[in-house]
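Asker: would you be able to build a 3D model of this:
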Amino acid sequence: MSDSNYFKFSNKVLVAPMLLVIFIWTIFLIEVRLGLNFNNHGIYPRTFSGLQGIVFSPFIHGSMEHLYNNTIPIAILTASLFYFYNKIALKVLLLGVLLSGLFTWFIGRPSYHIGISGLIYVLASFIFFKGIFTKHYRLIALSLFVVFIYGSLLWYIFPIKDGISWEGHLSGLITGLILAILIQTKIPILKKYKWEREDYNEEEDDFLKHFDENGNFIENKETPIEKPENISFKINYHYTNKEKGDNSLD
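Answerer: Numbers count the residues shown, from 1 in each chain. Presented below is the predicted three-dimensional model:
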């Protein structure tokens, strides 16, 4: 599979993050307009009723600032996921929500854990580790981009600030790593030049024969041409007589 066939733009790259962003904003606006509070549908660790939060918590946010801070990262990372890992993107999203939520339910403090930041950590972690594991230059470049843009997120897997679910962030990071290891996908095969192959032999390379041992170009270096042996030629001559009265020209 070539790069051009693998890295293809599709409507999912725009539609998936757009639908996700619209959905979380719609839920928040419903809370504000109707005076509701959905926080009690978040993850409450180690309680049976708190299990519902595994599904609902990513779409619940406590404030406009909380929602705004999560909107841009989730849109960029979701778009990147669907462009670079289109065939497994939906699987990563679904498993990412379920596993990170379950881990948070196990290790979290006794409080309601809400917000889509756990999924943000899943995607950032998955994209980073998957790119490193594949060793494909484009996917490694994407990994470095994630580190450059969102590298500071790493600090928030530790309890450095009150009111932040570091347990959800840590669960997302671990989930992304697990998914990067377990979920397999076809990666485009990198084109290898002749000198990159394992069976490459410098002495048999005609191109290198145009250079000396110091790497200097040798002018007028002719590649010997093998002359065929035991080849005979037969030439036949054909004559025609021009009759009198023929006005054609030769």
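Asker: not counting sequence-adjacent ones, nearest residue to Ser171?
Answerer: Nearest residue to Ser171, sequence neighbours excluded (C-beta to C-beta, 6 or more residues apart in numbering): Phe103, at 3.5 Å. Every C-beta, even on glycine, is put in place using the N, C-alpha and C of the backbone.
Asker: gap between the one you found and Lys161?
Answerer: 20 Å (C-beta to C-beta, to the nearest Å).
Asker: same check, this time on Ile43
Answerer: Taking C-beta to C-beta, one finds Ile43 at 19 Å from Lys161.
Asker: average pLDDT for the helix or strand harbouring Leu90?
Answerer: In this structure, Leu90 sits in helix 89-107 according to DSSP states H and E. Averaging pLDDT along helix 89-107 yields 97.
Asker: same deal with stretch 11-21?
Answerer: Mean pLDDT, computed over stretch 11-21, is 95.
Asker: follow-up on the earlier one: elements contacting the helix holding Leu90?
Answerer: Applying 3 or more C-beta pairs under 8 Å, 6 or more residues apart in numbering; DSSP states H and E, one finds that helix 89-107 contacts helix 53-56, helix 64-84, helix 117-134, helix 166-182.
Asker: contact partners for Ile76?
Answerer: For Ile76, the contact set (C-beta atoms under 8 Å, 6 or more residues apart in numbering) comprises 17, 149.
Asker: give me that answer again for 10 Å
Answerer: Ile76 is in contact with 17, 120, 123-124, 145-146, 149-150, counting by C-beta atoms under 10 Å, 6 or more residues apart in numbering.
Asker: in CSV: those residues, plus distance to Gly96.
Answerer: Output for those, formatted as CSV (distance: C-beta to C-beta, whole Å):
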residue, distance to Gly96
Pro17, 14
Ile120, 10
Leu123, 7
Ala124, 11
Phe145, 19
Val146, 15
Ile149, 19
Tyr150, 15
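Asker: buried only: go through the residues you listed for me.
Answerer: Neighbour-count burial within the contacts of Ile76 applies to 17, 120, 123-124, 146, 150; the criterion is 16 or more other C-beta atoms under 10 Å.
Asker: any buried residues in the helix holding Leu90, and which?
Answerer: For helix 89-107, a neighbour-count test (16+ other C-beta under 10 Å) marks 89, 92-93, 95-97, 99-101, 103-105 as buried.
Asker: quick one: least confident helix or strand in the chain?
Answerer: Each helix and strand of the chain was given a mean pLDDT (mean pLDDT, DSSP states H and E); the minimum falls on helix 3-6 at a mean of 61.
Asker: helix or strand next in line after that one, which one?
Answerer: helix 12-34.
Asker: quick one: that next one to helix 117-134, angle?
Answerer: Per axes from the mean of the first three to the mean of the last three C-alpha atoms, to 10 degrees, the angle that helix 12-34 makes with helix 117-134 is 170 degrees.
Asker: please report how far the spatially most central residue of the chain lies from Leu95.
Answerer: Centroid-nearest residue in the chain: Phe84, 3.3 Å away (criterion: C-alpha atoms, centre = their mean). Distance of Phe84 to Leu95, computed by C-beta to C-beta: 17 Å.
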